[in-house]
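Task: produce atomic coordinates for the following.
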Amino acid sequence: MAKDFDRMEDSNRSANPTIHEVSDPARRIFVRGGLAAAASGLFAPFTLGTLAGCAATGGAGNPAALGRGIGFKSVPMAAIDRVAVPEGYTAQVLYRWGDPVGIAGQMPAFKPDGSNSAAEQALQAGMHHDGMAFFPVEGSSQRGLLVMNHEYVDDGLLHADGMKTWTAEKVRKSMHAHGVSVIEIQREGSAWKQVMPSKFARRITALTPMTITGPAAGHPMLRTAADPSGTRVLGTYNNCANGQTPWGTYLTCEENFADYFEGVDNPDAHQRRWGIRKGNGSKYRWHEHEQRFNVARHPNESNRYGWVVEIDPQDPSSTPVKRSALGRAAHEGAATALTADGRAVVYMGEDSRFEYIYKFVSRDRVKPGGFAANRELLDHGTLYVARFDVDGTGEWLPLVQGQGPLTADKGFANQGDVLIKSRQASDALGATKMDRPEWTTVDPITKEVYCTLTNNSNRGAAGQPFMDAANPRSNNTMGQIIRWKEGGDLDASKFAWNHLVLAGDPKQGRSEAQGSVKGDTFGSPDGLMVDARGVLWIQTDASTSTLGKGDYSSLSNNQMLACDPTKGEIRRFLVGPSGCEVTGLTATPDLKTLFINIQHPGEPANERSDPERPLAVSKWPDGAGRPRSATVVITKNDGGVIGT
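Numbers count the residues shown, from 1 in each chain. Got it, this is the predicted structure:
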């Protein structure tokens, strides 16, 4: 998720082609000509290997054997302040901002007036739930660990008096409201409950000690006065989407880290490329009491963020690890799969206008034995950035020092330089500038890879590319979903690509907002998951300032939809409360329970609550008091597989 006020957007001034400049709608939009037929023609030259460790496609009791069909009745769009699901389904609130994480002897209750201390917040659910993953305990679909991100905070709600006063205690509370939660849950009858206390319960915050590993560890650009080794860093924050590895770990992604650093009047080229500017710190004001966020005093601190962080959820004493081999970016997600010979492949988007899509392929194979046997797997491998070509093919360009323009005379003296400056390296390689690439997901059956391009309202603005063949819409408010298939196994250097759908509303008078949706309309696709049946789940994050207006006049709330990719049919499964984003998507192995997150319910049009009126828009989920981001559990009343 990247909000309109995020300054990280539009820092790419390179001359690289955009996704629209290399597109042809006659070949790129699947649903217009029939999804299956178009896919067959485009991908016919390529044969994909079988992925070890991914979902099987048949067998008794396997959800994949049920097929991709969508069997629920569509939920109507409505301006509501609740979660609406189809007939025959139940939505249950499970874990809200301020709920205890479940550490024995340390379970402070939530105080509705915002008066919980910073120390108490460190033991409670953080704010603004986002990416999430379910880790079954002993293979069970009835008990497991739920791990989730807490992306950012709204200080108008977090503190009793908002930002009318500002103190070091408020900064600490804000930092503790960021990060990650690990909770234990189990099903009891028809309902799910949090296990408290739990030996697994843990909060990871913006103050949790972490290590940096991989080729950039110890690099001079990562060294600070507090950490001259360049390998130890405090905390993670602005954690948006995520990933889940086959060896049982959780990947959390640091997105808009630039918003927390107060820049200088005349930033250097590196800081400008990463959106580090004067005035950034006014959003969260951490730099006023945590000096490492003052760039003038600590110019290298910002380089220590923007990484993918690996967490072992089964060991609450373990130290999270920032994996530099995966590159530095405004990371949105890290979808992970395996090649046929068992090596890890991680697909990552960067949610900023005109930024890039990345792929990492590990050098080594995944070993049996979980995280203990694979502690260094993500430290060795090759990072690539995508170039999408006009003929419907593409190429993964290696971000490897010494290859092509990535040489010392161009500012890339070693691999650490390439990874810390991955944007600049991608610029130099001629990667394709994309329209805010967000979540990625890999189809476990076909091995096709999907990515949401949520929107780009700067399309056609002064100094930016105008409308073109692939996306004939200036001011692209609605977004689209792209997919590709590798030319062989997932480690291939070539791929074929196409758009699954251009989001939009066919009833709109403005042609640029009409899109190509077959079924229920939507805009600003964000969260994304292909489940074990092959159903593609799509979540939306349209800004509160746009919902119900203009191109979004028929879309009053954000939503979640299901898509059968073989038919192109898209059907609305859920409508969220007023002012929320629908995000954070995961399921139990048997697909009989779906978990989603409702982020920032009641968000006002300016996307930050007014401290004087923090309760003005929504009272979800409690019906009273301050609105609270929360995890929602969805089950089918007959106990069946979700979506059938």
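
just to confirm, which helix or strand has residue 192 in it?
Assigned by DSSP states H and E, residue 192 belongs to strand 191-194.

Please, where are all the strands along the stretch 1-150 of the chain?
All strands of the stretch 1-150 of the chain, identified by DSSP state E, counting those that start in this stretch, fall at 89-96, 129-136, 143-150.

could I get those as TSV with distance to residue 271?
C-beta: built from backbone N, CA, C; applies to glycine. Shown next, in TSV, are the strands of the stretch 1-150 of the chain (distance: least, C-beta to C-beta, whole Å):
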stretch	distance to residue 271
strand 89-96	37
strand 129-136	26
strand 143-150	26
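
To what extent is residue 167 buried, counted in neighbours?
12 (other C-beta atoms under 10 Å).

Equivalent analysis for the one 5 residues further on, please.
The number of residues packed near residue 172 is 21, by other C-beta under 10 Å.

which SS class is the residue located most distally from the centre of the chain?
The outermost residue of the chain, judged against the average C-alpha position, is residue 409 (34.9 Å), by C-alpha atoms, centre = their mean. Per DSSP: H, G, I helix; E, B strand; the rest coil, the secondary structure class of residue 409 is helix.

Against residue 62, how distant is it?
55 Å (C-beta to C-beta, to the nearest Å).

Nearest approach to residue 338 belongs to which of the strands of the stretch 1-150 of the chain?
Closest approach to residue 338 among these (C-beta to C-beta): strand 129-136, 16.5 Å.

check contacts around the most centrally placed residue in the chain.
With distances taken as C-alpha atoms, centre = their mean, residue 241 lies nearest the centre of the chain, 2.2 Å away. Contact partners of residue 241, counting by C-beta atoms under 8 Å, 6 or more residues apart in numbering, are 130-131, 149, 253, 255, 331-334, 438-439, 527.

Can you read off the backbone torsions of it?
With angles defined as degrees, to the nearest 10, residue 241 sits at phi -80, psi -170.

Find the nearest non-adjacent residue to it, please.
Excluding the flanking residues, the one nearest residue 241 by C-beta to C-beta, 6 or more residues apart in numbering is residue 333, at 3.2 Å.

shouldn't the one you found be in contact with residue 438?
Yes. Using C-beta atoms under 8 Å, residue 333 is in contact with residue 438, at 7.0 Å.

anything in contact with each of those two?
241, 349.

For residue 286, see how far away residue 76 is.
With the distance defined as C-beta to C-beta, residue 76 ends up 42 Å from residue 286.

who's more crowded, the two?
Each of residue 76 and residue 286 has its neighbours counted (other C-beta under 10 Å); residue 286 has more, 23 against 10.

surely the more buried one meets residue 175?
Yes. Contact status for residue 286 versus residue 175: in contact at 7.0 Å, counting by C-beta under 8 Å.

check which helix or strand covers residue 210.
Residue 210 is part of strand 209-213, with elements assigned from DSSP H and E.

Give me the sheet partners of the helix or strand that that strand is followed by and which way each runs.
Downstream of strand 209-213, the first helix or strand assigned by DSSP H and E is strand 232-234. Sheet neighbours of strand 232-234, with direction, are listed as strand 209-213 (antiparallel) (DSSP bridges).

about what we covered before: show the contacting residues for the residue farthest from the centre of the chain.
Shown in contact with residue 409 (C-beta under 8 Å, 6+ apart): no residues.

which residues in the stretch 451-600 of the chain form helices?
Per DSSP state H, counting those that start in this stretch, the stretch 451-600 of the chain carries no helices over any range.

Where does the prediction get shaky in it?
Low-confidence segments of the stretch 451-600 of the chain, defined by pLDDT under 70, span residues 459-460, 464-474.

That one: strands as residue ranges?
480-486, 494-502, 518-519, 525-530, 536-540, 559-564, 569-575, 581-587, 593-599.

Save the ones you listed as CSV, and put in distance to residue 399 too.
Conversion of the strands of the stretch 451-600 of the chain to CSV gives the following (distance: least, C-beta to C-beta, whole Å):
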stretch, distance to residue 399
strand 480-486, 18
strand 494-502, 17
strand 518-519, 37
strand 525-530, 24
strand 536-540, 29
strand 559-564, 32
strand 569-575, 35
strand 581-587, 29
strand 593-599, 31
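
now these in CSV, with distance to residue 547 and mean neighbour count?
Formatted as CSV, these follow (distance: least, C-beta to C-beta, whole Å; neighbours: other C-beta atoms under 10 Å):
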stretch, distance to residue 547, mean neighbour count
strand 480-486, 19, 25
strand 494-502, 19, 23
strand 518-519, 20, 19
strand 525-530, 14, 26
strand 536-540, 10, 25
strand 559-564, 10, 24
strand 569-575, 12, 23
strand 581-587, 11, 27
strand 593-599, 14, 27
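
Out of those strands, which is closest to residue 552?
Taking those one by one with C-beta to C-beta, strand 536-540 is closest: 9.9 Å.

The closest one pairs with which strands?
When pairing is defined by DSSP bridges, strand 536-540 lines up against strand 525-530 (antiparallel), strand 559-564 (antiparallel).

for the last one, the distance to its chain's centre please.
Which is strand 559-564. Remark: strand 559-564 is offset 17 Å from the chain centroid, using C-alpha atoms, centre = their mean, to the nearest Å.

Render the CA-only coordinates of it in CSV, please.
Coordinates of each C-alpha in strand 559-564 appear next as CSV, following Å, rounded to 0.1, in the frame of the first residue of the first chain:
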residue,chain,number,x,y,z
GLN,A,559,-13.6,-5.1,-1.6
MET,A,560,-12.3,-8.6,-2.3
LEU,A,561,-13.1,-10.5,-5.4
ALA,A,562,-12.5,-14.0,-6.8
CYS,A,563,-11.4,-14.7,-10.3
ASP,A,564,-11.5,-18.0,-12.3
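
the inter-axis angle of that strand versus strand 494-502?
For strand 559-564 against strand 494-502, the angle by axes from the mean of the first three to the mean of the last three C-alpha atoms, to 10 degrees is 120 degrees.

Give me the contact list for strand 559-564.
Strand 559-564 is contacted from outside by 68-70, 72, 75, 77, 500-501, 519-520, 522, 527, 535-540, 569-576, 582, 585, 596, 643, using C-beta under 8 Å, 6+ apart.

Next, the contact list for the residue nearest to residue 241, please.
131, 240-243, 253, 347-349, 438-440.

If we use 7 Å, what do you get?
Neighbouring residues of residue 333 by C-beta atoms under 7 Å, 6 or more residues apart in numbering: 131, 241-243, 253, 348-349, 438-440.

Using the three-state scheme, assign it.
Per three-state DSSP, the secondary structure class of residue 333 is coil.

next one: residue 287
When classified by three-state DSSP, residue 287 comes out as helix.

secondary structure element for residue 185?
Per DSSP H and E: residue 185 is located in strand 179-188.

Let me know the distance separating residue 445 from residue 244.
18 Å.

Residue 510 contacts residue 553, correct?
No. Contact criterion C-beta atoms under 7 Å: residue 510 and residue 553 do not qualify, at 10.4 Å.

Residues in contact with stretch 627-638: which ones?
For stretch 627-638, contacts defined as C-beta under 7 Å, 6+ apart pick out 83, 85, 88-98, 127-129, 148, 190, 192, 592-602, 618-622, 642.

Start and end of it, how far apart?
One end of stretch 627-638 to the other measures 31 Å (C-alpha to C-alpha, to the nearest Å).

Relative to the whole chain's centre, how far out is it?
Remark: stretch 627-638 is offset 20 Å from the chain centroid, using C-alpha atoms, centre = their mean.

list the buried ones in it?
The neighbour-count check on stretch 627-638 (16 or more other C-beta atoms under 10 Å) flags 627-636 as buried.

which of these lies closest to residue 292?
So of the buried residues of stretch 627-638, ranked by how close each gets to residue 292 (C-beta to C-beta), first place is residue 629, at 26.9 Å.
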